[in-house]
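Asker: Build the 3D model from these lines:
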Amino acid sequence: MSDITKAINAIKEQLGSQLCIMGHHYQHDSVIRHCDITGDSLELARKLSDVSARHIVFCGVFFMGESAALLAGPDQNVYLPAPDADCMMALMALPRMVRNVLEYLNGQGRRILPLAYVNTTLALKAVVGEYGGAVCTSANAETMLRWALQEADAVLFLPDKHLGRNTGKKLGLGPNDWHILRCNGHGLKEPESQPLDRRLLLWPGCCAIHARLKPGQVQTARETYPDCRIVAHPECNPALIDLCDGAGSTSYLIREAARLADEVPGSTLIIGTENNLVQRLAVQHAATCHILPLGQAYCPHMAKVTETKLLDTLLAITAQGAERQAKPVQLKTELCPPARLSLLRMLEVCG
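Answerer: Down below sits the predicted model:
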C-alpha cells in the first residue's frame, strides 16, 4: 500500500460519516478504490439525496460537481479534486447560443422543448429549466425524450447529436423526423434554409472520446473474434451502433458484462466506451469472460482527477489554516432555481 493510499485511508477514518467520496465510472482504479459511492451520472444524482455527509468530494468532471452542489443540502459542501476537469461536449453548447436558438424556434409558432444531456454546464441547465425543459442521462434518455415529445410540438436535444439520434431511433423516429442544426457563433445559420419543422432538432455536438470509435473497428472485431458480442455506449456514431449487438448507458454495459460472464462463460465481449471502465470490467470478470475495448478511448479530463489530487483535497478539508482550506464548488445564485428545475424534472419523470 502506497503512502498516498495510507494517508487517504487515515483521513477517511478521521472524518468518518462527515465525508463521502463519490466517483464516476470513468475514473481510474486508483481513484475508484477510495470512493464510497460509484455510478454513472443518473445513479450519482439519485444517490445524492441519501448522502448526509457534510463534505462531499466528487471525483469527476466540473459539470458533475456543479450538479452535485445543486442537489446538495444547505449544510453540505461539494469539492472537486480537479476543478479544471471539464467536458469537451459540454463546451460545444454555449448558453447564449442555445438561448438565441430557442427564442427563434419558439417564435415560429410551435412549442419547442429543450432536453439537455446531463453533460452540460449549470448555465445551460438554467436556460433549459427556463424553457420548461429537463436534463437526461444516457440511462434514461429514451424515457425523457418520450416525455418531452409528449409535452411539446418538437424537442431540441442537446448537445449530443449521436445520443439524440440513437435515442430517437429507439422511439421509432427516422431521418425524416430529425434534423441536425447548422449553427454559427450567434445561433442558427441561415434558418430559412433548414427543415426546422422536424419533431427532433439536434444540436451539432458530440463526445469527442466516443466519436473516436469507428464502424470499421466493429467489423475488424468480428473478423478477429467471430463469436464475440459487441456493445457500445449510445454517444457513439449511429452507424457504429447499428453494427453492434447492443447499446446502452454505462450501467447497461456493466450489467451486460456481468450477464455474459454468468450465462456464457468463456465468451468474448467487446465494449465501445471509455477504456477505464472496460479495463475494470475485464479484471472483474477475467475468470469467466474475455472483455476487450473496441478501441482506444480515454477521457483526458476524467484523467485529471488523480489519487494525489484526491489526497490534496482531503488534506485541505482537514486543514486548520484558512490559507489551506478547501474551496467548495460555488454556484451563481441566480442560475440555481431554473437549473435545479431541469434536474428535478428528470428525477420526477424517472421516479
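Asker: Point out where the stretch 1-150 of the chain drops to low pLDDT.
Answerer: 42 (pLDDT under 70).
Asker: Where do the strands of it begin and end?
Answerer: 19-24, 37-39, 55-59, 77-79, 112-117, 134-136 (DSSP state E, counting those that start in this stretch).
Asker: Out of the ones you listed, which gets nearest to Gly295?
Answerer: Checking the strands of the stretch 1-150 of the chain against Gly295 by C-beta to C-beta gives strand 19-24 as the closest, at 20.5 Å. From N, CA and C alone the C-beta is placed, and that goes for glycine too.
Asker: thinking again about what came up before, can I get the strands of the stretch 1-150 of the chain in JSON lines with mean neighbour count and distance to Ser193?
Answerer: Formatted as JSON lines, the strands of the stretch 1-150 of the chain follow (neighbours: other C-beta atoms under 10 Å; distance: least, C-beta to C-beta, whole Å):
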{"stretch": "strand 19-24", "mean neighbour count": "24", "distance to Ser193": "40"}
{"stretch": "strand 37-39", "mean neighbour count": "18", "distance to Ser193": "43"}
{"stretch": "strand 55-59", "mean neighbour count": "26", "distance to Ser193": "43"}
{"stretch": "strand 77-79", "mean neighbour count": "22", "distance to Ser193": "44"}
{"stretch": "strand 112-117", "mean neighbour count": "26", "distance to Ser193": "18"}
{"stretch": "strand 134-136", "mean neighbour count": "28", "distance to Ser193": "29"}
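Asker: Please render those strands as TSV that adds distance to Thr268 to the earlier fields.
Answerer: Formatted as TSV, these follow (distance: least, C-beta to C-beta, whole Å):
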stretch	distance to Thr268
strand 19-24	26
strand 37-39	25
strand 55-59	31
strand 77-79	40
strand 112-117	31
strand 134-136	32
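Asker: To Ala10, which of the ones you listed lies closest?
Answerer: strand 19-24 (11.9 Å).
Asker: Mind listing the strands the closest one pairs with, and their directions?
Answerer: strand 37-39 (parallel), strand 55-59 (parallel) (DSSP bridges).
Asker: just to revisit the earlier point, among the strands of the stretch 1-150 of the chain, which is nearest Ser251?
Answerer: strand 37-39 (7.5 Å).
Asker: ok, residues contacting that closest one?
Answerer: Identification of contacts with strand 37-39 by C-beta atoms under 8 Å, 6 or more residues apart in numbering yields Cys20, Ile21, Met22, Gly23, His24, His25, Gln27, Ile32, Leu44, Lys47, Val51, Ser251.
Asker: Work out the gap between that strand and the centre of the chain.
Answerer: 13 Å (C-alpha atoms, centre = their mean, to the nearest Å).
Asker: now swap in stretch 39-52 and tell me
Answerer: The answer for stretch 39-52 is 13 Å, by C-alpha atoms, centre = their mean.
Asker: Next, the distance between the ends of it.
Answerer: 18 Å (C-alpha to C-alpha, to the nearest Å).
Asker: what about Arg212, neighbour count?
Answerer: Neighbour count for Arg212, taken as other C-beta atoms under 10 Å: 15.
Asker: how about it, what does it touch?
Answerer: Counted by C-beta under 8 Å, 6+ apart, Arg212 has contacts Gly295, Gln296, Ala297.
Asker: The second one looks like it's in a helix, true?
Answerer: No. Using DSSP: H, G, I helix; E, B strand; the rest coil, the assignment for Gln296 is coil, not a helix.
Asker: Can you list phi and psi of it for me?
Answerer: phi -70, psi 120 (degrees, to the nearest 10).
Asker: Same question for Gly246.
Answerer: Here Gly246 shows phi and psi, under degrees, to the nearest 10, equal to phi -170, psi 160.
Asker: Is the closest residue to it other than its chain neighbours part of a helix or strand, or is it coil?
Answerer: Nearest in space to Gly246, with sequence neighbours left out and distances taken as C-beta to C-beta, 6 or more residues apart in numbering, is Val231 at 4.3 Å. Here Val231 is recorded as strand under three-state DSSP.
Asker: Tell me how far Val231 lies from Ala257.
Answerer: 9 Å (C-beta to C-beta, to the nearest Å).
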